[in-house]
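Engineer: Sharing a model prediction with you, sequence too.
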Amino acid sequence: MNAPADPKKLIKGATGDWEVVVGMEIHAQVTSKSKLFSGASTEFGGEPNDHVSLVDAAMPGMLPVINEECVAQAVRTGLGLKAEINLRSVFDRKNYFYPDLPQGYQISQYKSPIVGEGEVLVDMIDGTQIRVGVERLHLEQDAGKSLHDQHPTMSFVDLNRSGVALMEIVSKPDIRSADEAKAYVTKLRTILRYLGTCDGDMEKGSLRADVNVSVRKPGDPLGTRCEIKNVNSIRFIGQAVEAEARRQIGILEDGGVIKQETRLFDPGKGETRSMRSKEEAHDYRYFPDPDLLPLEFDQAYVDALAAHLPELPDAKKARFIAEYGLSPYDAGVLVAERDQADYFESVAKGRDGKAAANWVINELFGRLNKEGLDIGASPVSAAQLGAVVDLIGEGTISGKIAKDLFEIVWTEGGDPRALVESRGMKQVTDTGAIEKAVDEVIAANPDKVQQAIAKPTMLGWFVGQVMKQTGGKANPQSVNDLLKAKLGI
Ligand code: MN
């Protein structure tokens, strides 16, 4: 059953509206010290061919041995995607020739993957939520890399990546716009990072997306799709969906047909171009790898892994809303990264959650962003920021002074409470002192007093003058009250 198309997501063409349909295959590198079937290191960087065992180089007679940690990581990921875990799965050979694939086949899973159907719930910026079905997750080996820029006439091969474990996560075609495609990958990446099963570092190639795009008139059956291979940034995923949908609409509106093929996205030109005609599964001559037994484990193994899963982003978000009274938007921002959420909780524990969220999101994240720093590199600790929130809450400093204090803690460090003492930043709540300042400002500006009586919005100018007089330390509420009383407005 097709859900009716959402008019907001449709693309306008010359012949009417079009709906874009997207499904994704994400290749996520498994976080593991060694490769899927060998003991060689998975470390990023290193000299070419430093991390290559005889198995990875496909020397004759070498036998693959499954890495149990990679299996556990795949099961954890399946659990995090609320997916069916298959207690029996099979490794197959996917046969093809490529210079950086010395075996002449990739060990993958075809008919019996380790993880079956699951789902990802994705919050959109407008507050709506979409559900993207997960078709399957299977384990497979990565290939090596051909180097074409090392020598004028020869190409070299680096097998460091050869045999590294990948999880291929295949979604259902449930995505209906470029924004949804970006939000889906962002959410999936967040879940993987919470689970610790993939670092999600797209710059290092730890997460790559193959994006399947087709278009149709709303209500029509699915159109022919094209697969855009190896898109390596969230922004490019959005651009690739847009560009490919426009290209297909153009062809169809000119009376043409879409050829099923594999394409590449060129970020410089903002367009996709043909790479090869799409191969079908039977082209790969899949068959069970005779070197590997079917992968089998029992439910107790799965349950033990499930028992040690961390709190995942959806659950954490719901808890932040319930426990700290946060808006869904603020909670969503905080849970996007696990260490951000942890930082927030350290600040919020035993304090006003909303005030803590405001300071973490607006002041701290704002400042970190500006400096291009991660939360782990924040010069202001959760304990220090908590002290700032306390000082405001108890009325020792005003919100305005708190920003100055935050700046001092950021640049110089130190205990916020001690800094307030030593630098005389305490808010003046002594009404006598405030009253004196109010009287002085009124006495010095008789013309403005007349104006303010005629036009009470002038009060703001007086508040500003009194704050200036007191070095920003007067309690703004007291200043307001006193001025209103004295001016009779
Ligand atoms: Mn694959």
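Structural biologist: Received the coordinates, thanks.

Engineer: From here on, just use CA atoms for contacts and neighbour counts.
Structural biologist: OK.

Engineer: can you give me the strands in the stretch 1-150 of the chain?
Structural biologist: Secondary structure of the stretch 1-150 of the chain, counting by DSSP state E, counting those that start in this stretch: strands at 11-13, 16-29, 88-89, 92-95, 105-108, 118-123, 129-141, 145-147.

Engineer: mind showing which ranges of the stretch 351-489 of the chain have poor pLDDT?
Structural biologist: Per-residue confidence of the stretch 351-489 of the chain (counting by pLDDT under 70) places no residue in a weak region.

Engineer: ok, now with 90
Structural biologist: By pLDDT under 90, the weakly predicted segments of the stretch 351-489 of the chain are 395, 398-401, 424-437, 446, 448-460, 466-482, 484-489.

Engineer: follow-up on the earlier one: could you provide the strands of the stretch 1-150 of the chain in CSV, with additional columns for distance to Glu296, mean pLDDT and mean neighbour count?
Structural biologist: Rendered in CSV, the data for these read as follows (distance: least, C-alpha to C-alpha, whole Å; pLDDT from 0 to 100; neighbours: other C-alpha atoms under 10 Å):
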stretch, distance to Glu296, mean pLDDT, mean neighbour count
strand 11-13, 47, 92, 14
strand 16-29, 22, 97, 23
strand 88-89, 5, 98, 18
strand 92-95, 15, 97, 22
strand 105-108, 16, 98, 24
strand 118-123, 20, 97, 19
strand 129-141, 14, 98, 22
strand 145-147, 32, 94, 16
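
Engineer: Out of the ones you listed, flag the one nearest Cys226.
Structural biologist: In terms of C-alpha to C-alpha, the element of the strands of the stretch 1-150 of the chain nearest to Cys226 is strand 16-29, at 9.8 Å.

Engineer: sorry, back to before: export the strands of the stretch 1-150 of the chain to a markdown table and tack on distance to Ser398?
Structural biologist: A markdown table is the format used below for the strands of the stretch 1-150 of the chain (distance: least, C-alpha to C-alpha, whole Å):
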| stretch | distance to Ser398 |
| --- | --- |
| strand 11-13 | 50 |
| strand 16-29 | 48 |
| strand 88-89 | 62 |
| strand 92-95 | 66 |
| strand 105-108 | 61 |
| strand 118-123 | 35 |
| strand 129-141 | 38 |
| strand 145-147 | 58 |
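
Engineer: of all those strands, which lies closest to Val75?
Structural biologist: Checking those against Val75 by C-alpha to C-alpha gives strand 129-141 as the closest, at 9.4 Å.

Engineer: what's the angle from that closest one to strand 118-123?
Structural biologist: Orientation check (axes from the mean of the first three to the mean of the last three C-alpha atoms, to 10 degrees): strand 129-141 against strand 118-123 gives 130 degrees.

Engineer: Okay, and the most centrally placed residue in the chain sits in which element?
Structural biologist: For the chain, the residue nearest the mean C-alpha position is Thr186 (4.0 Å; C-alpha atoms, centre = their mean). Taking DSSP states H and E as the criterion, Thr186 maps to helix 178-195.

Engineer: what comes up buried for that helix?
Structural biologist: Buried residues in helix 178-195, counted by 16 or more other C-alpha atoms under 10 Å: 178-185, 187-195.

Engineer: picking up where we left off before, out of the strands of the stretch 1-150 of the chain, which gets nearest to Ser233?
Structural biologist: For the strands of the stretch 1-150 of the chain, distance to Ser233 was read as C-alpha to C-alpha. The smallest value, 11.8 Å, belongs to strand 16-29.

Engineer: mind listing what the helix or strand following the helix holding Thr186 pairs with, with the direction of each?
Structural biologist: Counting by DSSP H and E, the next helix or strand C-terminal to helix 178-195 is strand 207-216. In the sheet containing strand 207-216, the strands it pairs with under DSSP bridges are strand 16-29 (antiparallel), strand 226-231 (antiparallel).
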